Each structure stands twice: as C-alpha cells, then as structure tokens.
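**Student:** Any chance you can model this:
(one chain, ligands or ions: 2)
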Amino acid sequence: MAFQVYVDGQEGTTGLRLIDYLTGRDDIELLRIDSERRRDRDERARLLNNADIAFLCLPDDASREAASLVENPDTCIIDASTAFRTDPEWVYGLPELVPEQRERLRTGKRIANVGCHASAFIMLVRPLVDAGILPPDYPLSAFSLTGYSGGGKRMIAEYESGGSSEQLAAPRPYALNLAHKHLPEMRLHGGLTRDPVFNPVVGPFLKGLAVTIPLHVAELAPGTNATTLHAIYRDRYGDEPFMRVMALDDDEHNLDRGFFDVQGCNDTNRADLFVFGGAERLNLTLRMDNLGKGAAGAAVQNMNIHLGLDETTGLTRTTT
Ligand SMILES: NC(=O)C1=CN([C@@H]2O[C@H](COP(=O)(O)OP(=O)(O)OC[C@H]3O[C@@H](n4cnc5c(N)ncnc54)[C@H](OP(=O)(O)O)[C@@H]3O)[C@@H](O)[C@H]2O)C=CC1
Ligand SMILES: CC(=O)N[C@@H](CCC(=O)OP(=O)(O)O)C(=O)O
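**Tutor:** Ligands and ions are numbered 1, 2, ... in the order given. Predicted coordinates for the structure are as follows:
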C-alpha cells in the first residue's frame, strides 16, 4: 500500500519542487488540496491528519499553525521553515549531521528540515569540531552565494518580472545586520559556542548555492593542513550517497578556467565539498542546489529515512 503524503504550501517554491520529486512514485499517494481551498484551515487540517507524512512548505507562522492542527499521533511532520530547527522536541533534518541522526529521523514524528545556507555551513564545520581540529569558540566567518529562488515566490517574481534593473543584475549582499535567521541552527548543530559572521549574497540566477568558510591554518590544531582536513571529510562523508568530497587541487573537474561554478549541483540532491588553499590559508566550500539538498531534496531524503525506504528513492534522477 502507498504512503499518504500531503504538501501544505503546494503552490510555493519548495512545495512545487517537492511535488516534482514525489510525482510518479508508486510508493507514494499524494493528497492534493483544491487550489482555491489551499488556505482553508479545516480542509488543511483534514488532509494533514490523513497523511502519513505532512510536509509544511510555509512561512514560519503558518508552519507553527499547521503543526498545531496535527492531532494524529501517526502523522510525521517534515517542516521546511525556520520555526523548529533548534527546538529540542524536533529532529534536525540533516541525515549527515552525526552517525546517530538517521535513527533519530526514523523514530521522530517531528522533523525540522534544514536551512539551505545553514546545512552547507554545518556540513563543513561539524566534522572538524567533532575531530577536535576546530575549537568550538573559533571566530568563524562564512559567506554564501545563492540563487534568488532562496527568497521564495516574492523574490522570484522580483527577479523575473521583466523590468530590467541594474541593481538586480549585480550580486546583492544582504542580512547586513549580521543577524541572519540561520545563525541559531548554524551554532547549535555546528557544535559551536559562538555565532559566525555570516554574509549571504544573492545573485541573478535562479538556483544554486555555495557557502565558503575561510580559515587560517595557524589557528587550527597543530599538524592540520589541507590534506588532513580533506581526510577527515573523506572519513566522515565517504559512504554518504549524496555527498561528494572533491579531490584536492582537482582543477580540471572543480573549476572552469579558474572560476567556481555555484550552479554545479543544480537539479540534484547532491552536495559537493571542496578544500581550497595551501599551507597557511584555506577555504572550505560546499555547494548544493538550494531547492534540492538545501530544501525539497533534503525533505524527501528525510521522508525516505523515516519510512524505512532506501533513502535515495526518487532522488537519483535530475529534476527540472
Ligand atoms: N526557497 C528556498 O530555497 C527554501 C525555502 N525554505 C523554507 O520553506 C518554506 C517555504 O518557502 P518557499 O517555498 O520559498 O516560499 P514561497 O513564498 O515560494 O511559498 C510559500 C507557500 O506558503 C503558502 N502560504 C503562505 N502563507 C500561508 C498561510 N497563512 N496558510 C497557508 N498557506 C500559506 C503560500 O500559499 P499561496 O500559494 O497561496 O501563496 C505558498 O504556497 C519557508 O519557510 C522557507 O523559509 C527552506 C529552505 C530553502
Ligand atoms: C536568497 C534568500 O533570501 N535566501 C533565504 C534562505 C532560504 C532558506 O534556506 O530557507 P529558510 O528560509 O527556510 O531558512 C535567506 O537567506 O533568508
């Protein structure tokens, strides 16, 4: 029998990508709400409680409200918003976080899916903190280059409305108050004791994201260099189905004439991890599709794990 799955927010950016991933799977029956009733609280409550898996692809407040409507103890909620990502009653939806995470995802009925910038940052930082290479109080900074779909329907409309604007044609740094909403999850799940200085930049392309963390080798544990860091990532992520730890200095495959391709994981659920630099200074970079491994792809991976399915089901094909 197929699992019943409902997507609340089915016409939003993340919801549409989720439905794209789920459509055509014979182990899933999608419960669809009539488009005109998609904000009707009673109809949403009915569908939420009929679902084995209820994805919430909504703004934070609407997610909190939707979660409160679920009374069926068998319904597993996978929430895409920021609302519950540091809530101890919810499981953080990053299977690669620590070895125990998959078991937590299998047993938990409340899963907080990752933030796109945050998950890339955490996947870079957490193995180094756990290995004792990076002190938890290290004064980290990071920057992220992201496509505009990260800003949801409103930002997509802004970029695609057809009006040519010089501002939109150039990369735009934002969150200039240094209080981006992903900081709490970066700190908690990164295993850090202080927030990083985090600088996101949105550019004139739909999707694709790369977070980069610069490091001074002299500030890390003695004996650390690009090769030892790379070996830690290989050990940690070598068996992960969606992680690729790219070869050191593999210019031919990693770079296009010396330039990095932020869109290199688009339409996949893959995350590519790079260690750049030399003896004194390093850049750690992780790229993904913000709508794939950064949102809808991760949500499907979490669902597969929760349901006891092969976690790559429905995720190995590319999406459009
Ligand atoms: N875009 C991305 O890359 C990522 C997004 N996320 C998170 O996923 C969630 C959804 O984001 P995104 O898809 O980008 O957002 P969009 O703005 O594209 O879509 C939001 C959806 O929520 C629906 N909605 C809004 N308010 C309500 C309400 N009060 N009741 C019912 N439905 C409502 C909208 O309905 P309607 O169709 O009527 O407008 C729309 O379908 C957010 O919390 C976001 O932070 C997480 C990771 C990455
Ligand atoms: C370009 C852009 O605005 N991106 C979003 C991140 C999208 C994301 O990860 O989603 P959550 O909103 O669920 O955390 C931002 O930086 O706020």
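**Student:** Okay, now the unreliable bits of this protein?
**Tutor:** When residues are selected by pLDDT under 70, those of the chain lie in 164, 250-255, 257, 317-320.
**Student:** so which residue of it comes closest to ligand 2?
**Tutor:** Gly150 (2.9 Å; CB to the nearest ligand atom). Every C-beta, even on glycine, is put in place using the N, C-alpha and C of the backbone.
**Student:** Enumerate every residue touching that residue.
**Tutor:** By CB atoms under 8 Å, 6 or more residues apart in numbering, Gly150 lies in contact with Cys116, Val202, Lys207, Leu209, Asn290, Gly294.
**Student:** That one and ligand 1, how far apart?
**Tutor:** As for Gly150, its distance to ligand 1 is 4 Å (criterion: CB to the nearest ligand atom, to the nearest Å).
**Student:** can you list the residues of this protein near ligand 2?
**Tutor:** 80-82, 115-117, 146, 148, 150-151, 155, 182, 200, 202, 294 (CB under 6 Å from any ligand atom).
**Student:** Sort out for me which of the residues you listed are in strands.
**Tutor:** Thr146, Pro200, Val202 (DSSP state E).
**Student:** how many neighbours does the closest residue to Gly151 other than its chain neighbours have?
**Tutor:** Nearest residue to Gly151, sequence neighbours excluded (CB to CB, 6 or more residues apart in numbering): Val202, at 6.8 Å. Val202 has 22 neighbouring residues, counting by other CB atoms under 10 Å.
**Student:** Quick one: residues contacting the closest residue to Leu248 other than its chain neighbours.
**Tutor:** The shortest distance from Leu248 to any non-neighbouring residue, by CB to CB, 6+ apart, is to His230 (5.3 Å). By CB under 8 Å, 6+ apart, the residues touching His230 are Val245, Leu248, Val275.
**Student:** Equivalent analysis for Leu206, please.
**Tutor:** By CB under 8 Å, 6+ apart, Leu206 lies in contact with Gly147, Tyr148, Ser149, Ile156, Tyr159.
**Student:** Now do the SS call for it.
**Tutor:** Following DSSP: H, G, I helix; E, B strand; the rest coil, Leu206 is assigned to coil.
**Student:** now do Ser144
**Tutor:** When classified by three-state DSSP, Ser144 comes out as strand.
**Student:** That one contacts Ile213, doesn't it?
**Tutor:** No - with contact defined as CB atoms under 8 Å, Ser144 does not count as touching Ile213 (10.0 Å).
**Student:** thinking again about what came up before, quick check: the residue nearest to Gly151 touching Gln167?
**Tutor:** No - in this structure, Val202 is not within contact of Gln167 by CB under 8 Å, at 11.1 Å.
**Student:** Touching, Thr313 and Ile305? I think so.
**Tutor:** No - Thr313 is not in contact with Ile305 according to CB under 8 Å; the separation is 10.2 Å.
**Student:** These two: who's more crowded?
**Tutor:** Ile305 (20 against 16).
**Student:** Which of the three states applies to that one?
**Tutor:** Using three-state DSSP, the secondary structure recorded for Ile305 is helix.
**Student:** The closest residue to it other than its chain neighbours: neighbouring residues, count only.
**Tutor:** Of all residues not flanking Ile305 in the chain, Leu105 sits nearest, at 4.6 Å (CB to CB, 6+ apart). A count of nearby residues for Leu105, using other CB under 10 Å, gives 24.
**Student:** Whatever helix or strand Leu105 lives in: how far from the chain's middle?
**Tutor:** Counting by DSSP states H and E, the element that carries Leu105 is helix 101-107. Distance of helix 101-107 from the chain centroid (CA atoms, centre = their mean, to the nearest Å) equals 17 Å.
**Student:** now do stretch 179-196
**Tutor:** Distance, centroid of stretch 179-196 to centroid of chain: 14 Å (CA atoms, centre = their mean).
**Student:** Next: stretch 215-224.
**Tutor:** 28 Å.
**Student:** ok, Leu16 touching Gly9?
**Tutor:** No - Leu16 is beyond contact range of Gly9, at 9.2 Å (criterion: CB under 8 Å).
**Student:** more neighbours, these two?
**Tutor:** More crowded of Leu16 and Gly9, by other CB under 10 Å: Gly9, with 24 against 17.
**Student:** quick one: the more buried one and Cys57 touch, right?
**Tutor:** Yes - here Gly9 lies in contact with Cys57, judged by CB under 8 Å, at a distance of 3.4 Å.
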